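S.K.: quick check, what structure comes out for this input:
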Amino acid sequence: MRKLIAGAFAVIIAAIAAVLLWPSADHGLVLYSGLDYGPAVADAFTQETGIKIRVVRLATGSLLARMVAQGNHPDWALAWFDGATAAAALDADHLLATGLPAPAGLTAVGQSMLSADGAYIPTGFTLAGVFISDPARLPALPATWNDLLAPAYKGQVGMNDPSISGPSYPMLAGMLDNAGGWPQGQGFVRALKANGLHIFDKNDATLSALQSQAISLAIVQSSAAAFYAAHHPGLRVTIPSPAYVLPNVMVEAAGLSAKRQAEAARFMAFVMRPDIQRLRQAQGETDGDYWPITINAPAPPPGLPDISHAKTVTLEPTVWGHLESDINAWFAKVMTGA
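M.R.: Numbers count the residues shown, from 1 in each chain. As a prediction, this is how the structure comes out:
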């Protein structure tokens with residue numbers, strides 16, 4: 001009997017060992033993409049290199065929430081989204097690898113977007129908030145943020161909820177920065193509410209309100225505004241002064257194996273090639289309307305407004321990233337009553 005039990009035990013141990021030692025399937029890199037062109041770029045990379053990439057496409061707010069929830073046990077290797085402030089917040093929580101290689105051939109604007117510790121790389125930029133409006137319903141188009149407080153715009157302006165729409169937080173941070181910073185800028189945002197500001201969940205709802213004439217002016221990310229205006233003749237996109245730069249960035253999870261780090265580095269270089277930037281523009285839907293930041297990049301898409309004479313400001317990511325939770329909580333309490 002003892003021999004039988006010992007033999008059975010040996011068989012079980014051998015079976016367990018076989019399972020543990022059996023080569024596991026290599027699913028490759030996992031990319032969390034908050035950008036429309038992520039899947040197309042990943043497919044092109046796999047076709048060229050043979051390195052597999054599994055893409056998880058999520059709205060930016062959901063993407064960031066999932067990354068935070070996973071903490072130090074990430075299911076992702078790379079993440080690609082709009083917002084250096086969000087990347088800085090993830091870095092402060094020690095969730096990101098540092099020392100990432102900067103893209104080659106950056107313009108001066110691109111170099112200004114680099115992370116001090118290499119926790120993220122910029123891959124292009126949009127503007128955090130621009131005005132898209134129907135000139136037929138407004139007596140004059142606003143040129144600055146303060147113009148929105150005029151009686152002519154009472155009840156006519158709408159924006160996204162930054163606690164739901166991830167890229168809208170940098171827009172809110174820009175408003176606060178322009179009005180003196182935090183918490184001094186609270187007065188401006190409260191004044192917008194007093195002037196009848198409408199708040200919607202995301203771009204679709206905000207822009208639908210504009211189209212249905214529930215509002216006459218929407219404050220949204222430049223890529224969303226340019227894409228929507230191109231499909232709705234008569235609407236006009238105005239760049240406010242100042243305009244706040246919103247980089248699209250890529251980050252790498254902390255603690256990847258040497259193999260995964262090497263694959264990630266190849267992908268980060270791949271996305272900045274001129275031919276792949278053209279692919280991003282062509283396959284990016286709304287997100288394809290961004291401004292490149294490399295010297296040899298293709299020209300910006302033709303539908304984008306001219307920013308050559310615009311006054312642009314880049315927010316300090318570490319400052320505003322650290323404040324994001326507090327500011328979103330304040331906004332929810334004061335502006336939406338959540």
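S.K.: so Trp245, which state does it fall into?
M.R.: One thing to correct before we go on: residue 245 is Val, not Trp. The three-state label given to Val245 by DSSP: H, G, I helix; E, B strand; the rest coil is strand.
S.K.: that one contacts Lys311, doesn't it?
M.R.: No: counting by C-beta atoms under 8 Å, no contact exists between Val245 and Lys311, whose distance comes to 11.0 Å. Where you see a C-beta, it was placed from the backbone N, CA and C, and this is true even at glycine.
S.K.: mind checking which of those two has more residues around it?
M.R.: Between Val245 and Lys311, counted using other C-beta atoms under 10 Å, the more crowded position is Val245 (23 against 11).
S.K.: can you name the residues that contact that one?
M.R.: 109, 113, 125, 127-128, 312-315 (C-beta atoms under 8 Å, 6 or more residues apart in numbering).
S.K.: against Phe200, how distant is it?
M.R.: 24 Å (C-beta to C-beta, to the nearest Å).
S.K.: so Ile219 sits in a helix?
M.R.: No: Ile219: not assigned to a helix; according to three-state DSSP it is strand.
S.K.: which residues pair with it across the strands?
M.R.: Beta-bridge partners recorded for Ile219 (DSSP bridges): Phe131, Met159.
S.K.: distance between the ends of stretch 198-209?
M.R.: Start-to-end span of stretch 198-209 (C-alpha to C-alpha, to the nearest Å) is 9 Å.
S.K.: quick one: buried residues of that stretch?
M.R.: Residues of stretch 198-209 classed as buried: 198-200, 202-203, 205-207, 209 (neighbour count, 16 or more other C-beta atoms under 10 Å).
S.K.: now render the residues you listed as JSON lines, adding pLDDT.
M.R.: Below are the buried residues of stretch 198-209 laid out as JSON lines (pLDDT from 0 to 100):
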{"residue": "His198", "pLDDT": "98"}
{"residue": "Ile199", "pLDDT": "97"}
{"residue": "Phe200", "pLDDT": "97"}
{"residue": "Lys202", "pLDDT": "93"}
{"residue": "Asn203", "pLDDT": "95"}
{"residue": "Ala205", "pLDDT": "97"}
{"residue": "Thr206", "pLDDT": "98"}
{"residue": "Leu207", "pLDDT": "97"}
{"residue": "Ala209", "pLDDT": "97"}
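S.K.: from those, which land in helices?
M.R.: 203, 205-207, 209 (DSSP state H).
S.K.: can I get these in JSON lines including distance to Ala84?
M.R.: Output for these, formatted as JSON lines (distance: C-beta to C-beta, whole Å):
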{"residue": "Asn203", "distance to Ala84": "20"}
{"residue": "Ala205", "distance to Ala84": "26"}
{"residue": "Thr206", "distance to Ala84": "23"}
{"residue": "Leu207", "distance to Ala84": "25"}
{"residue": "Ala209", "distance to Ala84": "29"}
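S.K.: list the contacts of His231.
M.R.: Contacts of His231 (C-beta under 8 Å, 6+ apart): none.
S.K.: all helices for the stretch 1-150 of the chain, in order.
M.R.: Assigned by DSSP state H, counting those that start in this stretch, the helices in the stretch 1-150 of the chain fall at 2-21, 38-49, 60-70, 84-92, 108-111.
S.K.: give me the spatial nearest neighbour of the residue nearest to the spatial centre of the chain, chain neighbours excluded.
M.R.: Closest residue to the average C-alpha location of the chain: Asp82 at 1.6 Å, with C-alpha atoms, centre = their mean. Excluding the flanking residues, the one nearest Asp82 by C-beta to C-beta, 6 or more residues apart in numbering is Pro167, at 4.4 Å.
S.K.: residues near the one you found, how many?
M.R.: 29.
S.K.: got the buried residues for stretch 52-70?
M.R.: Across stretch 52-70, burial judged by 16+ other C-beta under 10 Å covers 53, 55-56, 58, 60-61, 63-64, 66-67.
S.K.: ok, the residue nearest to the centre of the chain touching Gln221?
M.R.: Yes: Asp82 lies in contact with Gln221 (C-beta under 8 Å); the separation is 7.2 Å.
S.K.: and for those two, which residues touch both?
M.R.: Common neighbours of Asp82 and Gln221 (C-beta under 8 Å, 6+ apart) are 126, 167, 246.
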